[in-house]
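the following block contains a protein sequence and its predicted model.
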Amino acid sequence: MSGVRAVPPRVLTVAGSDSGGGAGIQADLKTMLALGVHGMSVITAVTAQNSLGVQGAWELPVEAVRAQYRSVVDDIGVQAVKTGMLASAELVEAVAELIMDTDAPVVVDPVGVSKHGDSLLAESALDSVRTKLLPVATVATPNLDEVAQLTGVHVDSESQMRRAAAAVLSYGPRWVLIKGGHLPADAGRVGGDQAVDLLTDGSDEHWLRAPRLDSRHTHGTGCTLASAIASGLAKGQTVPEAVATAKEYVTGAIAAGFPLGGGIGPVDHGWRFRPGGGA
Ligand SMILES: Nc1ncnc2c1ncn2[C@@H]1O[C@H](COP(=O)(O)OP(=O)(O)O)[C@@H](O)[C@H]1O
Ligand SMILES: Cc1ncc(COP(=O)(O)OP(=O)(O)O)c(N)n1
């Protein structure tokens, strides 16, 4: 018996490995599986990491990163790329160069520091992120700490998110999603009980709001959101559509986050497959 099988859209993550499975490459591939695309990976660094923090990190040589990327893109092809932990200026610049030659939308999560405060990007790489990586992004997804690191703009209220967006857009990404997950709960508005993000290309503006969930187990929120956006783009969604569906997915994953180890547990990438998850 023979038949033609449907081929799912293919999404490539270029990121670091999180041994604890909550963030990084592991979060990206789980998200992609949950959202029905074929996930592939270029590993840039390996971290020894768990619910308590990052105990060690080792970069891969730039030629190993280039070789993984070429193997995937030249044979299998990609409909979207997502970048996460890139560790050093050399890796940031090599990845930006590879992306420039790839005809697919790119989600850049400019990962700087983990939730535990462990650095995942050398200070000396910040300028390469600004001048080489952000210009090739279809969507950049900085959190508020990354906005401050990259632009010097400190956001502590919703009204300042517009200023932050303009500062990031000045480096050249087509869209920016300013993630307000780190915004104080009462910032700038009455009843600030929402997790608010701002998506804009400088003229079109979308405010995304979800209930702010009182969960300690939020490890991997940023990686999960960025991978979900890339999955939507690979399926042919517009940027605002992909971001809206990704926000809904990450909110469900945070709501279903669970305790692992002695610290911050992961969000549940498989929440839609659990009873009541809707799959
Ligand atoms: N407690 C929370 N409840 C609901 N949504 C949240 C919560 N914390 C973060 N988010 C959402 O998760 C996504 C990732 O944001 P954030 O946690 O700021 O990123 P990062 O993991 O890069 O620090 C955003 O859509 C943000 O609004
Ligand atoms: C290997 C690796 N990459 C990225 C992160 C940061 O992930 P993020 O989704 O921002 O989640 P938190 O770590 O902030 O919870 C990471 N920790 N490890």
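That came through, no problem. Numbers count the residues shown, from 1 in each chain. Ligands and ions are numbered 1, 2, ... in the order given.

show me the strands in the stretch 151-279 of the chain, by range?
Under the criterion DSSP state E, counting those that start in this stretch, the stretch 151-279 of the chain carries strands at the ranges 175-179, 194-200, 205-211.

residues contacting the residue nearest the centre of the chain?
The residue lying closest to the centre of the chain (Cα atoms, centre = their mean) is A226, at 3.0 Å. Each residue near A226 by Cβ atoms under 8 Å, 6 or more residues apart in numbering is listed here: D28, K82, G84, V107, D109, T141, A246. (Glycine included, C-beta is placed from N, CA and C.)

just the strands of the stretch 151-279 of the chain: most buried one?
strand 175-179 (a mean of 27; mean count of other Cβ atoms under 10 Å).

report how many residues lie close to whichever residue of the stretch 151-279 of the chain sits closest to ligand 2.
The minimum distance from the stretch 151-279 of the chain to ligand 2, using Cβ to the nearest ligand atom, falls at G222 (3.1 Å). G222 has 24 neighbouring residues, counting by other Cβ atoms under 10 Å.

ok, for V65, nearest residue in space, not its chain neighbours?
T44 (5.6 Å; Cβ to Cβ, 6 or more residues apart in numbering).

enumerate every residue touching the residue of the stretch 151-279 of the chain closest to ligand 2.
With Cβ under 8 Å, 6+ apart, G222 has these contacts: A23, D109, V111, T141, N143, K179, G181.

circling back to that earlier point, gap between the nearest residue to the residue nearest to the centre of the chain once chain neighbours are set aside and ligand 2?
Closest residue to A226 apart from its sequence neighbours, by Cβ to Cβ, 6+ apart: D109 at 3.9 Å. Applying Cβ to the nearest ligand atom, to the nearest Å, the value for D109 to ligand 2 is 7 Å.

wouldn't D109 be in contact with G84 here?
Yes: under the criterion of Cβ atoms under 8 Å, D109 lies in contact with G84, with a separation of 5.1 Å.

more crowded one of these two?
Neighbour count, other Cβ under 10 Å: between D109 and G84, D109 has more, with 30 against 27.

circling back: in contact with the residue nearest to V65, which residues?
Taking Cβ under 8 Å, 6+ apart as the criterion, T44 is in contact with V14, A15, G16, E59, L60, V65, M85, L86, A87, L91, V95.

residues contacting the residue nearest to A246 when sequence neighbours are not counted?
The shortest distance from A246 to any non-neighbouring residue, by Cβ to Cβ, 6+ apart, is to A228 (3.5 Å). Counting by Cβ under 8 Å, 6+ apart, A228 makes contact with T31, L35, A242, T245, A246, Y249, V250.

distance of the residue in the stretch 1-150 of the chain that ligand 1 sits nearest to relative to R272?
Nearest to ligand 1, among the residues of the stretch 1-150 of the chain, is N143, at 3.6 Å (Cβ to the nearest ligand atom). According to Cβ to Cβ, to the nearest Å, N143 stands 24 Å off from R272.

circling back: export the contacts of T44 as JSON lines, with columns for pLDDT and secondary structure.
JSON lines is the format used below for the contacts of T44 (pLDDT from 0 to 100; DSSP: H, G, I helix; E, B strand; the rest coil):
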{"residue": "V14", "pLDDT": "99", "secondary structure": "strand"}
{"residue": "A15", "pLDDT": "98", "secondary structure": "strand"}
{"residue": "G16", "pLDDT": "98", "secondary structure": "strand"}
{"residue": "E59", "pLDDT": "98", "secondary structure": "strand"}
{"residue": "L60", "pLDDT": "98", "secondary structure": "coil"}
{"residue": "V65", "pLDDT": "98", "secondary structure": "helix"}
{"residue": "M85", "pLDDT": "98", "secondary structure": "coil"}
{"residue": "L86", "pLDDT": "98", "secondary structure": "coil"}
{"residue": "A87", "pLDDT": "98", "secondary structure": "strand"}
{"residue": "L91", "pLDDT": "98", "secondary structure": "helix"}
{"residue": "V95", "pLDDT": "98", "secondary structure": "helix"}
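
filter these down to the ones close to ligand 2.
Intersecting the contacts of T44 with the contacts of ligand 2 gives A15, G16, M85 (criterion: Cβ under 6 Å from any ligand atom).

residue contacts, the last one?
In this case it means M85. Counting by Cβ under 8 Å, 6+ apart, M85 touches A15, G16, G24, T44, A45, T47, V111, L120, L121.
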